[in-house]
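[1] Build me a structure from this.
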Amino acid sequence: MNIHFIAIGGSAMHNLAIALHKKGYLITGSDDTIHDPSKSRLEKYGLLPNTFGWFPNKITTNLDVIVLGMHAKADNSELLKAQELGLTIYSYPEFLYEQSKNKTRVVIGGSHGKTTITSMILHVLNYHNKEVDYMVGAQLEGFDTMVKLTDNNEFIILEGDEYLSSPIDLRPKFHLYKPNIALLSGIAWDHINVFPTIENYNEQFSIFIDKITPGGMLVYCEEDDVLKDIVVNATANIKRYAYKTPDHFIKDGITYLKTETGNLPLEIFGVHNLQNLAGAKWICQLIGVQEDAFYEAIMSFSGASKRLEKIAENSSTVIFKDFAHSPSKVKATTKSVKEQYKNRKLLACLELHTYSSFNPEFLKEYNNALQFADKAVVFYSPHAVEIKKLAPVSKQQILDAFNRDDLIVYTKPTDFQDFIFNQNLENTSVLLMSSGNYGGLDLEKLANTL
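    All right, here's what the predicted structure looks like:
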């Protein structure tokens, strides 16, 4: 097949392009800008466009398929040319479904934890040399790319994002996969720019459940009351399997899982990660990995990239970076780090970076989100608000939203960086939470201070 990617530089798009290239397809692509690591990976496989920009002359009737990424706009010149020629246009999730409709599709969804759960499952399967196709939202140790597609593997493990599919397909991505086996980790209102009310957002998960193939299976976290209510009231003809936080304890900064075969030390920690582990165990068992084999493998799982990722540690200090940005994730992550290192001060730094986090109504959801931190900092860039064409956000709005009198707020990257590099980090856990980079914070330099 001859496939052209419009917006090939996206984190998911470039991995799909590489996977299809490895499968033997002829791949071309365009984008107006591409950054690392996408740029280096595309270059490695000879897929990096010679010139950045959109070029309608690339779109011809010789193309079998167009894969359209969310970074492109509905008036993209290449997209308009493809529509004019009547070419077949797929969104990223649509194309993944086309590639996997004859496989057993395992879809991991939920507002939080889906990348980690998918990563856990793939780690266990890789440990036991069980070959599957997959799509996951983080780079994993031992995996070359985030997407693998073959003609032979029976199972495909798909991370099921609830965000929109493409500029011309406004359905949530996970509605398109039609899973045989599904998992939902929990529900916490997110993507307010697309789902303006909690009710509208929650409805997407009801629709997802309805799209599980008849006779299929749904694994879900019963400790999430909103999710549990949706699952219980769903009318889909499916089997339901509930999971919850497994028994565990913390000793000397290490979390141990209580099992019938003894106490197992883990490299991960936190209630939300233990819930993720319980969900991953169910999925692995449903696709043929026994409980003892799961435990043997999961002990060496150190986490997904940017998900409570340890970037530096010495005898008295540890620094983590985490992708957490929504209120529920921020609260859960800060609580986990505080519980894991109870005798240390916790310095928690959050960058507000998303459309939702700059919305005055959604900001209220951050009430007490940083309550477990001994010292709490919020950084945001007024310029980022401006770029997103949103109303200005004041420091006072941030202070009011988080409901914390001693909250420190920075709006200039240099001020925030000066603060971090001048802190006494003795006997401290540092948690950096962001889907951005704090205006260019040098994490390697920060790590070297230890």
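[2] going forward, measure contacts and count neighbours with C-alpha atoms only.
    Will do.
[3] Any idea how many residues pack against Lys244?
    Lys244 has 19 neighbouring residues, counting by other Cα atoms under 10 Å.
[4] how close does it sit to Ala297?
    Counting by Cα to Cα, to the nearest Å, the separation of Lys244 from Ala297 is 20 Å.
[5] Kindly export stretch 175-183 (C-alpha atoms) in CSV.
    Extracted in CSV, the C-alpha atoms of stretch 175-183 (Å, rounded to 0.1, in the frame of the first residue of the first chain):
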residue,chain,number,x,y,z
HIS,A,175,-15.1,4.7,20.2
LEU,A,176,-13.6,3.3,17.0
TYR,A,177,-11.7,0.3,18.2
LYS,A,178,-14.7,-2.0,19.0
PRO,A,179,-12.9,-4.1,21.6
ASN,A,180,-13.3,-7.7,22.4
ILE,A,181,-11.7,-7.1,25.8
ALA,A,182,-11.7,-3.7,27.4
LEU,A,183,-10.5,-2.1,30.6
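[6] Now do the SS call for the residue positioned nearest the centre of the chain.
    The residue lying closest to the centre of the chain (Cα atoms, centre = their mean) is Thr115, at 4.7 Å. Three-state assignment for Thr115 (DSSP: H, G, I helix; E, B strand; the rest coil): helix.
[7] if I look at the nearest residue to it once chain neighbours are set aside, how far off is Ser206?
    Take Thr115 and drop its neighbours on the chain: the residue closest to it by Cα to Cα, 6 or more residues apart in numbering is Gly137, 5.7 Å away. Separation of Gly137 from Ser206 (Cα to Cα): 23 Å.
[8] who has more neighbours, these two?
    Neighbour tally, Gly137 and Ser206, criterion other Cα under 10 Å: the higher count belongs to Gly137, 21 against 17.
[9] In contact with that one, which residues?
    Shown in contact with Gly137 (Cα atoms under 8 Å, 6 or more residues apart in numbering): 11-12, 115, 146, 159.
[10] Pretty sure Asn403 sits against Asn367.
    Yes: the pair Asn403 / Asn367 is scored as a contact, 5.6 Å apart, by Cα atoms under 8 Å.
[11] Could you list which residues are in contact with Met299?
    Neighbours of Met299 in contact, by Cα under 8 Å, 6+ apart: 264-267.
[12] ok, now Phe95?
    Applying Cα under 8 Å, 6+ apart, the residues near Phe95 are Val67.
[13] Ok, Lys338 next?
    344-346, 372-373, 429.
[14] The same query, at a cut-off of 7 Å, please.
    Counting by Cα atoms under 7 Å, 6 or more residues apart in numbering, Lys338 touches 346, 372.
[15] Run a quick neighbour tally on Trp54.
    By other Cα under 10 Å, neighbour count at Trp54 equals 18.
[16] then stretch 146-166 to PDB, C-alphas only?
    Coordinates of each C-alpha in stretch 146-166 appear next as PDB, following Å, rounded to 0.1, in the frame of the first residue of the first chain:
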ATOM      1  CA  MET A 146       5.100   2.700  20.400                       C
ATOM      2  CA  VAL A 147       3.200   0.900  17.600                       C
ATOM      3  CA  LYS A 148       3.600  -2.700  16.300                       C
ATOM      4  CA  LEU A 149       1.500  -4.100  13.500                       C
ATOM      5  CA  THR A 150       1.800  -7.600  12.000                       C
ATOM      6  CA  ASP A 151      -0.300 -10.000   9.900                       C
ATOM      7  CA  ASN A 152       0.200 -12.900  12.300                       C
ATOM      8  CA  ASN A 153      -0.300 -11.900  15.900                       C
ATOM      9  CA  GLU A 154      -3.600 -12.800  17.500                       C
ATOM     10  CA  PHE A 155      -3.900 -10.000  20.000                       C
ATOM     11  CA  ILE A 156      -3.500  -6.200  19.700                       C
ATOM     12  CA  ILE A 157      -3.200  -4.100  22.800                       C
ATOM     13  CA  LEU A 158      -4.500  -0.600  22.200                       C
ATOM     14  CA  GLU A 159      -4.400   2.400  24.500                       C
ATOM     15  CA  GLY A 160      -7.900   4.000  24.200                       C
ATOM     16  CA  ASP A 161      -7.800   7.700  24.300                       C
ATOM     17  CA  GLU A 162     -11.100   9.600  24.700                       C
ATOM     18  CA  TYR A 163      -9.800  12.600  22.800                       C
ATOM     19  CA  LEU A 164     -11.100  13.400  19.200                       C
ATOM     20  CA  SER A 165     -10.000  11.300  16.200                       C
ATOM     21  CA  SER A 166      -9.200  13.900  13.600                       C
END
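[17] Would you mind giving the domain segments of this structure?
    2-87, 95-298, 309-448 (automatic domain parsing).
[18] now these as TSV including mean pLDDT?
    Below are the domains of the chain laid out as TSV (pLDDT from 0 to 100):
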stretch	mean pLDDT
domain 2-87	95
domain 95-298	93
domain 309-448	90
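[19] Next, please give the residue ranges for the helices of the stretch 101-250 of the chain.
    114-127, 198-210, 225-233 (DSSP state H, counting those that start in this stretch).
[20] so which of those gets nearest Leu20?
    Among those, helix 114-127 comes nearest to Leu20, with 19.6 Å by Cα to Cα.
[21] residues making contact with that closest one?
    108, 136-138, 159, 185, 276-277, 280, 284, 294, 297-298, 301, 303-304.
[22] any idea how far Leu184 is from Phe208?
    In terms of Cα to Cα, Phe208 sits 10 Å off from Leu184.
[23] Comparing the two, which residue is more hemmed in?
    Taking neighbours as other Cα under 10 Å, Phe208 and Leu184 compare with Leu184 leading, 28 against 22.
[24] Return the set of residues that bridge with that one.
    Beta-bridge partners for Leu184, by DSSP bridges, are Gly109, Tyr220.
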